[in-house]
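>>> Provided below for reference: sequence and predicted model.
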Amino acid sequence: QVQLVESGGGLVQAGGSLSLSCKPSGIIFTIGVMGWYRQAPGKQRELVATIGSSLSTAYADSVKGRFTISRDNAKKTVYLQMDSLKPEDTAVYYCTVDRLTTNRGPLEDLWGQGTQVTVSA
């Protein structure tokens, strides 16, 4: 079973930086759009950033200029560099993939287990 394995996150003071990474397990041939969402307590899950296989990117207005999404297609890994963090960035961050192909066929709409990011004032 293919899973998205996330790493990174943690606790940081406001103004600090954290980085996240995510990679699917298993034998993966191709990956479509990869991205990050987040969900703060009591709020709906929201899009943070996405990156296509051609490296085109999109960001939520709230993180533009502070967060950078990137991917290494050879390593099949997506990264999220978070700089100038604010307390309002505190949330559980989820990695997503819209579709990928494996040795057992295609899969769609995959989500990671989530990793906590906490920014203290």
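Cool, got the structure. This one's a predicted model, so the numbers in the text were calculated from it and none came from an experiment. Residues are numbered from 1 along each chain as shown.

>>> tell me the helix or strand right after the strand ranked longest in the chain.
Longest strand in the chain, counting residues (DSSP state E): strand 91-102. Following the chain from strand 91-102 toward its C-terminal end, the next helix or strand by DSSP states H and E is strand 105-111.

>>> would you mind getting the angle between that next one and strand 91-102?
For strand 105-111 against strand 91-102, the angle by axes from the mean of the first three to the mean of the last three CA atoms, to 10 degrees is 170 degrees.

>>> roughly how far out does strand 105-111 sit from the chain middle?
Put simply, strand 105-111 sits 16 Å off its chain's centre (CA atoms, centre = their mean, to the nearest Å).

>>> gap between the residue of the chain positioned farthest from its centre and residue 49?
Distance from the C-alpha centroid of the chain, by CA atoms, centre = their mean, peaks at residue 104 (24.4 Å). From residue 104 across to residue 49, the span is 29 Å (CB to CB, to the nearest Å). C-beta: built from backbone N, CA, C; applies to glycine.

>>> how about the residue positioned nearest the centre of the chain, secondary structure?
The C-alpha lying nearest the average C-alpha coordinate of the chain belongs to residue 36 (CA atoms, centre = their mean; 3.1 Å). Under DSSP: H, G, I helix; E, B strand; the rest coil, the three-state class of residue 36 is strand.

>>> what sits against it?
20, 22, 47-50, 69, 78, 80, 93-96 (CB atoms under 8 Å, 6 or more residues apart in numbering).

>>> pLDDT and neighbour count added to those residues, as CSV?
Shown next, in CSV, are the contacts of residue 36 (pLDDT from 0 to 100; neighbours: other CB atoms under 10 Å):
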residue, pLDDT, neighbour count
20, 98, 24
22, 98, 26
47, 98, 14
48, 98, 24
49, 98, 22
50, 98, 19
69, 98, 22
78, 98, 29
80, 98, 27
93, 98, 23
94, 98, 21
95, 98, 26
96, 98, 19
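
>>> quick one: which of those residues is nearest residue 5?
Nearest to residue 5 among the contacts of residue 36, counting by CB to CB, is residue 22 at 6.8 Å.
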